[in-house]
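[1] Quick one, structure for this:
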Amino acid sequence: MDTSGPPISAPTGPLVGLSTDEGCLWLQQCGSAPDGTSCGSCDDSDPCTEDRCVDGFTCTHLKPRIRCDCSPSCDSDLRLAPAGALSHASGGLGGLSGLRAVAVSGDENHVYVAADESESVTHLVRVDGQLRFGESFDVGPVESVVLATDGRTLYAASPQALVVFTRGEDGRLRLAPARQGAARGLATSGRWLVAAQGSSLRLYDRTAPDTLALLDTVTDPVLSGVRQVAFSPDGRHLYAAGFDQSVLSQWSVSARGLSPGVRISGQPGLLNVDGVTVSPDGQHVYTVGFCDHSLGMFKRQPDTGELTPLGRAGPAPAIHGCVREMYGGEEEGAEEGPFATPSAVVVSPDGRSVVVSAMASYFNLRVYRRDGDQLRLIRQLDESPFWMDYARFPWANRNLEGAGPPMPEHPKNWRGYTHAAFGPSRLYVVNAIVDALSEIDATGSAQFTQKGRGGIGNLAGAYNLDLSPDDRHVYVAPRASNGVSVGSFAVDAGTGEFTERPFENLKLPQFGEGAVLNVTVTRPHGRWVGVVEADYPALYLFERDKDSGTLTLRDKKDLPGCTGRRSFPVDVITSADGRHLYVADFQWDGDGCMFHFPIQDGGTLGPGQVYAAPALRGIENIVITRDGGDLYAASHEAASVAHYERDNKSGALKPRPALIRRDLHGAEFLALAPDDRHVYVASPVLDTVVVLARDDGDGSLSHVQTVQVGPGIPISGAAGVVVSPTGDSVFVAARDDDSITAFHRRDDGRLDLADSVVDSTHLDWVNGLVLNSDGTWLYASSVQSNSVTSWRVLRGTDDGCGGICPR
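    The predicted structure is shown next:
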């Protein structure tokens, strides 16, 4: 982060707001006052929910099971019955999904946000310096909120209606009965309110506190796609950003209505212009062009409202044109370019700072210092909140394997997913992609209020998982949580329900970064847990408390890189004796690498050994035979299963001929049968499971069968694969089909379809699987569900509910 200048020039200082010393506050639903008086109970009398008190203020209700009541299952002789489920942020704060706009009170103790997916206006109240959930109003998919200058009225607009709230002295809102037509954007000045929708502007007289009087409606093609409008300080002129026609239009405002004025196009900051603002002194208008990635500057004539272009604020963008495809080449005229596209622009109350907020999967801000007619870039802020919700990315399947977060294929479809507003001392920015509000003070320090705060943690982008050998604890690698984090859960062997165990996230140099991709628990004792993190490539070793399941960091090894390239660790596996760890280092080109680290007495990692080979290009997954004599690695890009002979004492590896086949392209997951006679390889690229026979003598592999996706076999995006301890069944996760499929295993290793479950809610982009020691429970981690789930493995006549299936 650049620290060359402050984002705003206002003095920084603590904002306190309400104090809990005053006793129970109006927004407290639960918790207690300083004198011990109860502030309310969260009991909803529902036996299917877990009642929670978030922040000591707000009641939430967690559903820890996929189904509350047991549902008998008798469809086939091998099947899966749903049991426990937890997702990241479940049981946390609501009303914050799809944040589209923000309005701030003059004292900054009340913040109002529009959340289109929650279909609500949510009121956040500052208590003891921190924003707390106050209340939420269900008023439809709200895209815009604006607070009147006198602070007495709040307006909220959605594609369904424009609604009015009156506001009390304590900041609380009361929904007024008056409703107007649909709107996407709002602006207010004095007695005027303007609503923007489609190709139209509506002018209202808002003199009455709880009603609106429609004065005029104008419709003009230059307004097509308008989402943001801005008044001049005296309220005499209005400026509208006409997105579709790339036109900035000026309108005179009076009691007679809206009169058209100047119209400007073809200037920097106007290619698909999406944001517009006016400086407090009325001397300048600023725009942001979504598709020319520029901040446009205009000199304003205060009397007439006419504008003179001043060019763009530097630096010049690297690309000019609409980015239709993030990766290019799939659409005629498509252009590849940056995702961070400007969508909102605001000026500080003193007029000295101009801030542009770009739509991105983090908070991407450019801060400019105003110097006469010119703007000087003084700072760029890139801030990530506590976690990234992969469920918010319908495009995540597209690029989940590459570096960085997933991006949309058509960015224009997602404009309006950021908005900014200044308070007297802070900048407030909402981002609908990460469902978070950031408040940034004059030092550049950011505080976040994010969807699900206080809920279940460390399951964001739940990528892979492992189970302790005593079947008591499940550990999840959360690809999208902040820092180095591990989802840690005790699991009930009878019900499959999870109970979260505490884990103190380890900070990384940049807040918001962190990509934990895999976790392994050592066998047979379960004392150590190995974790790999890819943003700052390293292997972490934790000691596990066998009773509580909590983890304590014991050692860390930074990965030195693979033949001169930065490491990208994707897997970590333990040897059967629990004395050695092996790390897979994914590389797209050239040799891939594998690291070996011995675990020394006392919980330190010994000196590492690196193995590089062409057959390891794109290495994804590693397995070791039960006797420890052979190691196999699935290599995505090499279309191979690499083979190494392994020394049981030292852990050293000696390469053997790899198996390379066309149907191993995209190979990502491996599983060994318990008798070590067969290897199962899943490829999410080819939607296949390849069965390989293993020679008992030299460990070489040969092809037996390739199972392909097809009718009744939902293995599109085939991912995690596991074999039952008895060796008679194989389970395959499928990312694209949101499914787990069960197969019978023949003696020769071939697979026959048994059953499958498809669950787009709990198995969205399911990736990792693990079975318990007797094969009666299956656990899954799902990236876009941000979840961990448990499934009872049923066989024969067991209906899963204590009954017997009819024969």
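
[2] partners of whatever helix or strand residue 202 lives in in the sheet?
    Applying DSSP states H and E as the criterion places residue 202 in strand 200-205. According to DSSP bridges, strand 200-205 forms sheet pairs with strand 192-197 (antiparallel), strand 213-219 (antiparallel).

[3] Adjacent strands (with direction) for the helix or strand following the last one?
    Tracing the chain past strand 213-219, the next element assigned as helix or strand by DSSP H and E is strand 229-231. Using DSSP bridges, the neighbouring strands of strand 229-231 in the sheet come out as strand 237-242 (antiparallel).

[4] Just the C-alpha atoms of the strand it pairs with, please, in CSV.
    Extracted as CSV, the C-alpha positions of strand 237-242 are listed here (Å, rounded to 0.1, in the frame of the first residue of the first chain):
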residue,chain,number,x,y,z
HIS,A,237,-28.2,22.3,-11.7
LEU,A,238,-28.1,18.5,-12.0
TYR,A,239,-25.6,16.3,-13.8
ALA,A,240,-26.5,12.8,-15.0
ALA,A,241,-24.2,10.0,-16.1
GLY,A,242,-25.7,8.4,-19.2
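
[5] Which residues does the helix or strand just after it contact?
    Once the chain leaves strand 237-242, the next helix or strand it forms, by DSSP H and E, is strand 247-254. Here strand 247-254 makes contact (C-beta atoms under 8 Å, 6 or more residues apart in numbering) with 192, 194, 201, 203, 218, 220, 222-223, 231, 235-242, 258-265, 267, 270, 273, 276, 285, 287, 296, 298, 305-307. All C-beta atoms are positioned from the backbone trio N, CA, C, and that covers glycine.

[6] which one of the strands paired with strand 200-205 is the most hemmed in?
    The highest average neighbour count among the strands paired with strand 200-205, using mean count of other C-beta atoms under 10 Å, belongs to strand 192-197 at a mean of 24.

[7] Point out where this protein drops to low pLDDT.
    Within the chain, the ranges that satisfy pLDDT under 70 run 1-13, 318-340, 392-411.

[8] which residue ranges form the helices in it?
    With DSSP state H, there are no helices along the chain.

[9] would CSV of the strands paired with strand 200-205 with distance to residue 757 be doable?
    Converted to CSV, those look like this (distance: least, C-beta to C-beta, whole Å):
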stretch, distance to residue 757
strand 192-197, 44
strand 213-219, 51
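
[10] how about the nearest residue to residue 667, chain neighbours excluded?
    residue 634 (4.1 Å; C-beta to C-beta, 6 or more residues apart in numbering).

[11] Which of the strands paired with strand 200-205 sits closest to residue 369?
    strand 192-197 (29.8 Å; C-beta to C-beta).

[12] and the angle from that closest one to strand 247-254?
    150 degrees (axes from the mean of the first three to the mean of the last three C-alpha atoms, to 10 degrees).

[13] hang on, the earlier thing: among the strands paired with strand 200-205, which comes closest to residue 687?
    Closest of the strands paired with strand 200-205 to residue 687 is strand 192-197, at 44.0 Å (criterion: C-beta to C-beta).

[14] give me the number of residues near residue 376?
    Residue 376 is flanked by 13 other residues according to other C-beta atoms under 10 Å.

[15] Quick check: bridge partners of it?
    residue 369.

[16] Name the residues that touch the strand holding residue 202?
    Against strand 200-205 from outside (C-beta under 8 Å, 6+ apart): 180-181, 183, 191-195, 212-220, 223, 226, 229, 238, 240, 251, 253, 255, 257-258.

[17] Can you give me the distance of residue 714 to residue 469?
    Noted for residue 714: a distance of 31 Å to residue 469, by C-beta to C-beta, to the nearest Å.

[18] swap in residue 739?
    From residue 739 over to residue 469 (counting by C-beta to C-beta), the distance is 28 Å.

[19] Comparing those two, which residue is more hemmed in?
    Counting neighbours by other C-beta under 10 Å for residue 739 and for residue 469 shows that residue 739 has the greater number, 22 against 18.

[20] Check whether that one really touches residue 713, as I assumed.
    No - under the criterion of C-beta atoms under 8 Å, residue 739 is not in contact with residue 713, lying 9.6 Å apart.

[21] who touches both of these two?
    Counting by C-beta under 8 Å, 6+ apart, the shared contacts of residue 739 and residue 713 are residue 756.

[22] looking at the sheet around the closest residue to residue 669 other than its chain neighbours, what are its partners?
    The shortest distance from residue 669 to any non-neighbouring residue, by C-beta to C-beta, 6+ apart, is to residue 682 (4.2 Å). For residue 682, the beta-bridge partners are residue 669, residue 689 (DSSP bridges).
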